[in-house]
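[1] generate coordinates for the sequence data below:
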Amino acid sequence: MMPGGPTMTFSRLLTARSVIIGLIASAMMAVIAPLNDWALGNTPIYNHYLPLGVTVLVLLMGLVVNPLLGERRLRSGEMTVIVSMLLVLGGVASSGLTRLLPGVMAGPARVLPAEPGLAPFLGTGELLMPRRVFVDLPDHGPPDPNDPDHRLVIDGFHNGLPQGVPVVGHRATVTWRQADGSERTALALAGRRAGEVPGCLDLGVQPGLALLGHHVGDTVATAGGPLRIVAVIPPSVPWRAWWQPYLAWLPLLLGAFAACLAISALVRRQWIDHERLPFPLANVTLDFMAPPEPGTRLAPIFRKRGFWLGFAMVAVVLISQGLETWGLLPMSVSTTFDFRDAFASEPWYQVYTHWALFRVTVYFSIVGLAFFLPLDLSFSLWFFFVATNLVYLLLRTQGRPVAYDDAGKVGVGGFAVECLLILWIGRRHYLGLLRAAFRRGGDEHERLLVPYVWMLLGGILTMALWLVALGAQPHHALIAVLLFLGFVLVLARVVAEAGIPAIGLPAGCHLSQVLFSVVGFGAPLAALAPLTLLGATLLGNSRENLLPYAVDSEYLVKRTLVQNTVGKRLRWTSLLLAVLVIGSLAAMMTLISADYRRDGQVDRAWYATLVEQGLMPLATGSASGAGVAPGTWPCYGLGAALVGVLGICRMFLSWWPLHPIGYLVSMTGPTQAIWFSFLLAWMAKLLVTRYGGPQLYQRLKPVAMGLIAAEAATAGLFMLLAAVLHWCGIDFPRHVSFLPL
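    Model prediction:
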């Protein structure tokens, strides 16, 4: 049952209206997200697993659109269809894929000639890495930075195409008037391309050489008489260079999309019905979408005084901060408190993250969400972060050489055991699905999910074969795919159970590094290079990943729609798959076009994920023959043991106060920013339940919802204002950002 209304049949709510609105909204979000996030630099529209853009849209539908529609209002299930489509889009529209993939595709042609550390990939003149998945890598030999096409395609993407008055140059379309008064129009080409296109204006010989660099209106003297330039159309975005690499990436993307959608369907019954996970983020969205009570126009939460009290308090604080950032107010209500000067002396610099422990920020949406969590979980979320810092302080003051990355390596071991615990707890369900798939038995629910078992296996096989086709060894490819799916499964579990919107992989660790610690550097370099691509794209930024979004989407659908046949279930999945494919392509084209037409690819996240965390360590390890860094596997083992003990105690001891999820998130980057908000939420709920009892807690829940709504709405307001002012030619020196990044 959904709050405020009955569960509706799937056929009634997957209406033409809901599908059309969902597709239009998804297309708009796919275009807006990369422009807002990376061209304008605003607060990211998705950013984490309670995405700003979707939350603002839900608030607008509940507070404005539906009340105006009256009897024609969107039903809760129809809004679920729209929101679910937008949620899964979050896994590909920005940091989950689009932010990274274009840079990775165009990165090697940029860095290989310039980075001495990547010299091993050049071999003896033949490139030791796959070519067809990258833009402008020649069939033989290294890329040529002086080639005109290279300058247009690669330099144009990274630096932007020349702006201002167009001049005659490579791939410009030029019209000129000859001495006899006749006019000619031709495509100007330089280098080897000029000899391949009949009828072009060859810029290497006359008269093209004389026209090179001139603009409209210039008269140029040539041996055949004066030529006057009538028109110059500058080169457009060179899409031809991008299509073949994109099509080469498509099997990997389709395999990953299919695998993640399949996993979200397969864990649905186990996590929702058997384990009864709370899904805090999805339930917040459901409360905003709940149908109004009879005789009213607004959802019940919008009619609570506490909601508007919390909303108003947060809105005043954040609006004051935004106006001060823009220089429109002399001061604001601060939510950041810096104690670093008070703890600037030794031994405090020996903690795990000095800046994060002693410079804290209050994020109202995090406080509101954590207020709904059980006390043991909200306690664990901040306790383990503080404990990690104290352990570092103790070890370092005792002379133990503990590195920053060691905590992340310990976290990797914890993630591995958590993945095994997830599978072990649901073993009967998952084994039943496998039996139904291979033996054609099982109950009604298991038979309904059989196509998803095959979809998952097909997705795994497709991703692995893609890596093998690029030169990877089969067992390495399979290990890479399973590691990828294992990591994202744990991320999805944390989101479903703890409702932490800002979550990521352990800080300082990367999928490529973990993979090479498992498979080593013994294989040829050309066979290891493809293995860096999964971590550089699909898991390069784990704060936006398809599987956690898809799992929350499944919960929304479960609460509102009945999908009682295989056909209906597959129809819904096919719609989501179409949203992912079309949305990712639209977002990529938008970002690529913006990079060429503006200042280029100013965001360097692709360099960190592909080069610093993938190719550089691979080149170093392969050349030296050294194995993994000393202490890596002991750290993995320590993390595995800790999470194993915490998980077992959690399952068998009802009084056990520590939750393993608290430890899993303690060494992630997002927790370094939001741990103090967890502490505030835990303290607030502890005091409320101890001294006010359940009644006061229930009365304060709408206030917590108001905190969440206000932070999203205020961030959305400044995002919209920044975009409008930018288009009007007004830019402020600093961007306003409220949510944890």
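[2] next, give phi and psi for the residue nearest to the spatial centre of the chain.
    The centroid of the chain falls nearest to G96 when counting by C-alpha atoms, centre = their mean (2.3 Å). Backbone geometry at G96, expressed as degrees, to the nearest 10, gives phi -70, psi -30.
[3] what residues are up against it?
    Going by C-beta atoms under 8 Å, 6 or more residues apart in numbering, G96 touches 46, 90, 538, 541, 544-546. Bear in mind the C-beta positions are built from the backbone N, C-alpha and C, glycine included.
[4] could I get these as CSV with distance to V391 and secondary structure?
    Below are these laid out as CSV (distance: C-beta to C-beta, whole Å; DSSP: H, G, I helix; E, B strand; the rest coil):
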residue, distance to V391, secondary structure
Y46, 34, coil
G90, 35, coil
L538, 32, coil
N541, 28, coil
E544, 30, coil
N545, 29, coil
L546, 34, helix
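[5] in this protein, where is pLDDT below threshold?
    Filtered on pLDDT under 70, the chain yields the residue ranges 1-13, 124-125, 561-565, 625-627, 733, 741.
[6] domain map for it?
    Following automatic domain parsing, the chain resolves into domains at 1-159+241-275+279-306+426-627, 173-236.
[7] deepest-packed of those, please.
    Looking across the domains of the chain with neighbours counted as mean count of other C-beta atoms under 10 Å, the highest average goes to domain 1-159+241-275+279-306+426-627: a mean of 20.
[8] and L420, what element?
    Assigned by DSSP states H and E, L420 falls within helix 404-425.
[9] where along the stretch 401-550 of the chain do the strands fall?
    Defined through DSSP state E, counting those that start in this stretch, the strands belonging to the stretch 401-550 of the chain form an empty list.
[10] the stretch 1-150 of the chain now?
    With DSSP E, counting those that start in this stretch, the ranges of strands along the stretch 1-150 of the chain come out as 8-9.
[11] which residues of it fall in helices?
    In the stretch 1-150 of the chain, the segments counted as helices under DSSP state H, counting those that start in this stretch are 10-13, 16-34, 52-60, 66-69, 76-89, 101-106, 108-111, 148-150.
[12] redo those helices as CSV? Include distance to L575.
    Output for these, formatted as CSV (distance: least, C-beta to C-beta, whole Å):
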stretch, distance to L575
helix 10-13, 12
helix 16-34, 7
helix 52-60, 17
helix 66-69, 23
helix 76-89, 7
helix 101-106, 23
helix 108-111, 35
helix 148-150, 39
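[13] nearest to N159, of those?
    helix 108-111 (9.9 Å; C-beta to C-beta).
[14] buried set for the biggest helix by length in the chain?
    If you go by DSSP state H, the chain has its longest helix at helix 693-727. Neighbour counts over helix 693-727 (16 or more other C-beta atoms under 10 Å) mark 697, 700-719, 721-723, 726 as buried.
[15] who does it touch, helix- and strand-wise?
    helix 52-60, helix 280-289, helix 305-325, helix 364-370, helix 669-691 (3 or more C-beta pairs under 8 Å, 6 or more residues apart in numbering; DSSP states H and E).
[16] most packed of those?
    Taking mean count of other C-beta under 10 Å, helix 364-370 is the most buried of the helices and strands packed on helix 693-727, at a mean of 27.
[17] ranges for the strands of the stretch 201-350 of the chain?
    Under DSSP E, counting those that start in this stretch, the stretch 201-350 of the chain gives strands at 201-202, 219-220, 227-233, 336-338.
[18] ok, which of the ones you listed comes nearest T590?
    Using C-beta to C-beta, the nearest of those to T590 is strand 227-233, at 22.2 Å.
[19] what helices or strands is that closest one leaning on?
    If you count contacts as 3+ C-beta pairs under 8 Å, 6+ apart, strand 227-233 packs onto strand 173-177, helix 208-211, strand 219-220.
[20] surely W454 touches A437?
    Yes - if you go by C-beta atoms under 8 Å, W454 and A437 touch, sitting 6.4 Å apart.
[21] what's the closest non-adjacent residue to the most far-flung residue of the chain relative to its centre?
    Using C-alpha atoms, centre = their mean, the residue of the chain lying farthest from its centre is D180. It sits 59.3 Å away. Excluding its sequence neighbours, the residue lying closest to D180 (C-beta to C-beta, 6 or more residues apart in numbering) is G225, at 7.9 Å.
[22] swap in A723?
    Nearest to A723 is L40, by C-beta to C-beta, 6+ apart, at 6.1 Å.
[23] same thing with D599?
    In space, D599 comes closest to G160 once its chain neighbours are excluded; the distance is 4.9 Å by C-beta to C-beta, 6+ apart.
[24] now do the contacts for the one you found.
    If you count contacts by C-beta under 8 Å, 6+ apart, G160 has them with 595-600.
[25] and of those residues, the nearest to L646?
    Nearest to L646 among these, with distances taken as C-beta to C-beta, is D595, at 44.7 Å.
[26] quick one: the closest one and G160, what's the gap?
    Relative to G160, D595 is positioned 7 Å away (criterion: C-beta to C-beta, to the nearest Å).
[27] for A109, same thing?
    For A109, the distance to G160 - C-beta to C-beta - is 16 Å.
[28] likewise for A587?
    Distance from A587 to G160, by C-beta to C-beta: 19 Å.
[29] between D595 and G160, which contacts overlap?
    Looking at what touches both D595 and G160 (by C-beta under 8 Å, 6+ apart), there is no common residue.
[30] so the residue nearest to D180 makes contact with R177?
    No - using C-beta under 8 Å, G225 is not in contact with R177, being 10.5 Å away.
[31] A188 in helix, strand or coil?
    Under the three-state scheme (DSSP: H, G, I helix; E, B strand; the rest coil), A188 adopts strand.
[32] which residue sits closest to P166, ignoring its sequence neighbours?
    P234 (4.0 Å).
[33] residue contacts, the one you found?
    Contacts for P234 (C-beta under 8 Å, 6+ apart) come out as 161-162, 166, 169, 172.
[34] thank you, goodbye.
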